[in-house]
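S.K.: Fold the following and give me the result.
(2 chains)
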Protein chains: 2
Amino acid sequence: MDNRPIGIFDSGLGGLTCVKEVLRIMPSEDIIYFGDTGRVPYGTRGADTIVKYVRQDINFLKSFDIKYIIIACGTASSAALPNIQGEYDIEISGVLEPAARLAVKATKNNKIGVLGTSGTIKSGKYAEFIENLNPDAKVFQQACPMFVPLVENGYIDSEVTELIANEYLEPMKREKVDTIILGCTHYPLLKPVISRIMGDNVTLIDSGAAAADYAKLRLDELGLSCDKNKKGNVKYFVSDTVESFSELGGLFLNREIQGGVSRIEIEKY
Amino acid sequence: MDNRPIGIFDSGLGGLTCVKEVLRIMPSEDIIYFGDTGRVPYGTRGADTIVKYVRQDINFLKSFDIKYIIIACGTASSAALPNIQGEYDIEISGVLEPAARLAVKATKNNKIGVLGTSGTIKSGKYAEFIENLNPDAKVFQQACPMFVPLVENGYIDSEVTELIANEYLEPMKREKVDTIILGCTHYPLLKPVISRIMGDNVTLIDSGAAAADYAKLRLDELGLSCDKNKKGNVKYFVSDTVESFSELGGLFLNREIQGGVSRIEIEKY
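M.R.: Numbers count the residues shown, from 1 in each chain, chains lettered A, B, ... in the order given. Below is the predicted model of the structure:
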């Protein structure tokens, strides 16, 4: 039993879709969340810039006495996790392997689609994980660089979103994929639009939720789960103003941000 | 006569619309350009984050022996320029006052529209400058947070861009403005769409070009113009990968990026 908090970070707000699932399945755990809102988005940046930012994000979380880190960001998981995994003395897991496992389980025709940021798709890491788990799987990848700005500007279920989603999903429809990984933690907010275009028979894998489920499994395996009789607590930290995070955050969390939000200087870590 | 280079910076690529005009009207001047591509966009961030970034941008440019700085970014000009103007020993000008002057000259019905990022519009600085120059002017402001991601993802003249532009411009049409400031240096790329929606009788003011014209005037007044017999040289610096800048930069400059592009660590300044 270990009552130290879990550290979770994302480039900005998207990671809150993972926090939402952690709150649901591990309501007793304490969480330290960092959203790098001063440098969001990661998805359009070069791989070494992302690795530099991710190291700082981890160093910040490690300034607390945490027991585990979840990278709740598709871009950070794919660009940085393989490079930095060995550098730290606590376990760090991301969204890639958990989402790939669920997709391989869910598919019936072995045709799996992956939607992600430009950085995530360029890395090819989702496809690598899927093909390692199931060499018969065919993976169809699509970079969706407009999805994050659409979500962050409130275009959740609009004509514009539908037009852009149609463009991105057209190859997936043509190839008749039966399972799609929402490879960026912003994308679960677009589930209604994506479902409408792809149809009800296509399974959508929420990578943030998958990351939370996987972390629960690992915490149990490692004997790091907390006392189930206590109530968990979340502390939020951001690198831009607190106001915009508090305003938009509720949209991702599907409830108001409770507890304090503080601002930090991430460049110092 | 002063042959030292002019420093120009922007949050990313947009400032190249200003460089384009400097190359046209001051072809002999040397330029040091910095695009903060590792932290773009500025327009959605809080004012004090922007001020911090702008100080670092200026410190980097000042590490060269430059004679003048142009802030070729609507957000940086409105959030930071008034705060930092007195801190440096060389003159710094932005896009606000130059564009406001042109707009006040151009309008016939005293109804002026301003399009900008959320940060720019929140600051209200364009309206302030216009109303100071012409107390009879009525200013209609509109934040256009989707324009930068649309431009940076190549949606220059598409159905999606038209839909979003229609939404942003509807109040300007209703109010019958006859002059619109493109208050962010990305927006000149959307001139064809904006013109089509507003009609040919509405004057569009390119804030990056206005900033270049104003800087030429000030350099002449201050006796800082260079030897006209030499050919100017541009050096580009960025805070993310060089590749993406070189690829997309040509779109803004309307010709290939010539000369070297180097990457720097802006956090160190």
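
S.K.: Now the residue located most distally from the centre of chain A: which helix or strand?
M.R.: In chain A, the residue that sits farthest from the middle, by C-alpha atoms, centre = their mean, is A:Asn229; the gap is 28.0 Å. For A:Asn229, there is no host helix or strand (DSSP states H and E).

S.K.: Run a quick check on it versus A:Met1, I expect a contact.
M.R.: No - taking C-beta atoms under 8 Å as the definition, A:Asn229 is not a contact partner of A:Met1, at 10.6 Å. Bear in mind the C-beta positions are built from the backbone N, C-alpha and C, glycine included.

S.K.: list the contacts for A:Val238?
M.R.: Neighbour list for A:Val238: A:Phe34, A:Gly35, A:Asp36, A:Thr37, A:Gly38, A:Phe245, A:Val261, A:Ser262, A:Arg263, A:Ile264 [criterion: C-beta atoms under 8 Å, 6 or more residues apart in numbering or on different chains].

S.K.: Try it again at 7 Å.
M.R.: Residues near A:Val238 by C-beta atoms under 7 Å, 6 or more residues apart in numbering or on different chains: A:Gly35, A:Thr37, A:Phe245, A:Val261, A:Arg263.

S.K.: Among these, which one lies nearest to chain B?
M.R.: Nearest to chain B, judged by C-beta to the nearest C-beta, of the contacts of A:Val238 is A:Thr37 at 7.7 Å.

S.K.: Generate JSON lines for the contacts of A:Val238, with distance to chain B as supplementary columns.
M.R.: Compiled in JSON lines, these are given as follows (distance: C-beta to the nearest C-beta, whole Å):
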{"residue": "A:Gly35", "distance to chain B": "13"}
{"residue": "A:Thr37", "distance to chain B": "8"}
{"residue": "A:Phe245", "distance to chain B": "10"}
{"residue": "A:Val261", "distance to chain B": "13"}
{"residue": "A:Arg263", "distance to chain B": "9"}
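
S.K.: Any chance of TSV for the residues you listed, columns pLDDT, secondary structure and neighbour count?
M.R.: Listed next are the contacts of A:Val238 as TSV, based on pLDDT from 0 to 100; DSSP: H, G, I helix; E, B strand; the rest coil; neighbours: other C-beta atoms under 10 Å in any protein chain shown:
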residue	pLDDT	secondary structure	neighbour count
A:Gly35	97	strand	28
A:Thr37	95	coil	27
A:Phe245	91	helix	24
A:Val261	95	strand	18
A:Arg263	97	strand	19
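
S.K.: and A:Asp30, how many neighbours does it have?
M.R.: Number of residues near A:Asp30 (other C-beta atoms under 10 Å in any protein chain shown) recorded here: 19.

S.K.: my bad, should have said A:Ile205
M.R.: For A:Ile205, the neighbour count with other C-beta under 10 Å is 26.

S.K.: and the helix or strand that contains it, what other elements does it pack with?
M.R.: Per DSSP H and E: A:Ile205 is located in strand A:203-206. In this structure, strand A:203-206 makes packing contacts with helix A:96-106, strand A:179-182, helix A:191-198, judged by 3 or more C-beta pairs under 7 Å, 6 or more residues apart in numbering or on different chains; DSSP states H and E.

S.K.: Name the nearest residue to the residue farthest from the centre of chain A, sequence neighbours excluded.
M.R.: Nearest in space to A:Asn229, with sequence neighbours left out and distances taken as C-beta to C-beta, 6 or more residues apart in numbering or on different chains, is A:Ser28 at 7.3 Å.

S.K.: ok, now how distant is the one you found from chain B?
M.R.: 34 Å (C-beta to the nearest C-beta, to the nearest Å).

S.K.: Name the SS class of that residue, please.
M.R.: coil (DSSP: H, G, I helix; E, B strand; the rest coil).

S.K.: How many residues are close by it?
M.R.: Per other C-beta under 10 Å, the neighbour tally for A:Ser28 reads 14.

S.K.: Any idea which residue of the stretch 51-200 of chain A lies closest to chain B?
M.R.: Counting by C-beta to the nearest C-beta, the stretch 51-200 of chain A gets nearest to chain B through A:Pro149 (3.7 Å).

S.K.: can you pull the pLDDT of the closest residue to that residue other than its chain neighbours?
M.R.: Nearest non-adjacent residue to A:Pro149, counting by C-beta to C-beta, 6+ apart: B:Pro149, 3.7 Å away. Looking at B:Pro149, its pLDDT is 92.

S.K.: doesn't A:Met146 make contact with B:Pro149?
M.R.: Yes - if you go by C-beta atoms under 7 Å, B:Pro149 and A:Met146 touch, sitting 6.3 Å apart.

S.K.: Would you mind measuring the gap between the ends of stretch A:107-125?
M.R.: Its first and final residues considered, stretch A:107-125 spans 18 Å by C-alpha to C-alpha, to the nearest Å.

S.K.: buried set for it?
M.R.: Within stretch A:107-125, the residues scored as buried using 16 or more other C-beta atoms under 10 Å in any protein chain shown are A:107, A:110-123, A:125.

S.K.: Tell me the residues on the stretch 1-150 of chain A that lie near chain B, please.
M.R.: Within the stretch 1-150 of chain A, the positions lying close to chain B (C-beta under 7 Å from any C-beta of the partner chain) are A:Gly38, A:Arg39, A:Arg45, A:Gly46, A:Thr49, A:Pro145, A:Met146, A:Pro149.

S.K.: again, only this time at 10 Å
M.R.: By the rule C-beta under 10 Å from any C-beta of the partner chain, the part of the stretch 1-150 of chain A lying against chain B is A:12, A:37-41, A:44-50, A:52-53, A:56, A:118, A:143-146, A:148-150.

S.K.: pLDDT of stretch A:179-192, averaged?
M.R.: 97.

S.K.: how much space between the closest residue to chain B within the stretch 151-269 of chain A and A:Tyr53?
M.R.: Closest residue of the stretch 151-269 of chain A to chain B, C-beta to the nearest C-beta: A:Thr241 (3.2 Å). Relative to A:Tyr53, A:Thr241 is positioned 19 Å away (C-beta to C-beta, to the nearest Å).

S.K.: Pick out whichever of the two has more residues nearby.
M.R.: Ranked by neighbour count (other C-beta under 10 Å), A:Thr241 and A:Tyr53 place A:Tyr53 first, with 26 against 18.

S.K.: hang on, that one in a helix?
M.R.: Yes - according to three-state DSSP, A:Tyr53 belongs to a helix.

S.K.: In contact with it: list those residues for me.
M.R.: A:Tyr53 makes contacts with A:9, A:11, A:36, A:39-40, A:42, A:45, A:75-76, A:79-80, A:239, A:266-267, B:38-39, as judged by C-beta atoms under 10 Å, 6 or more residues apart in numbering or on different chains.
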